[in-house]
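K.L.:
fold the following and give me the result.
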Amino acid sequence: MLEYPNDLKYTDSHEYIRLVGDVATVGVTAFAIDQLGDVVFIDLPEIGTTVTKGEPFGTVESVKAVEDLYAPVSGEVLEANFGLVDEPEKIAADPYGEAWLLKVKLADPSVLGDAMSADEYRSKVEGL
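P.N.:
This is a model prediction of the structure:
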């Protein structure tokens, strides 16, 4: 069974947000990784780049498809997990821990209002 930690917020495009102060850690959900299959390539923005909520910030490529990654928040990229660029297969091992994608300093912390709780996301993806 796939996990959806309760301390995270989730988006329709299958990214998650872990908020600590005004910094959001962004990653891809276990559901999305499960659907993609074996990930072979990840493209992430440079540190200092500004990402805009709802706009693509990178891509993830699997043996099945190439998918855009959408920013769940707006702000400045403080860190990017470039280790995943070198070893993209590691995203499946720990999507909510070591395999985060970006850390973003939020332009406006109130924008998380439309993100889903773990239960809402689980219902959406599992069709409950």
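K.L.:
just checking, what packs against the longest helix anywhere in the chain?
P.N.:
Determined from DSSP state H, the single longest helix within the chain is helix 118-126. Counting contacts by 3 or more Cβ pairs under 8 Å, 6 or more residues apart in numbering; DSSP states H and E, helix 118-126 is packed against strand 9-10. C-betas here are computed from N, CA, C, even on glycine.
K.L.:
so for the strand it packs on, mean pLDDT?
P.N.:
Averaged over strand 9-10, pLDDT sits at 96.
K.L.:
same deal with stretch 86-93?
P.N.:
Averaging pLDDT along stretch 86-93 yields 94.
K.L.:
distance from the chain centre to it, please.
P.N.:
Computed by Cα atoms, centre = their mean, to the nearest Å, the chain-centroid distance of stretch 86-93 equals 14 Å.
K.L.:
now it: buried residues?
P.N.:
88, 90-92 (16 or more other Cβ atoms under 10 Å).
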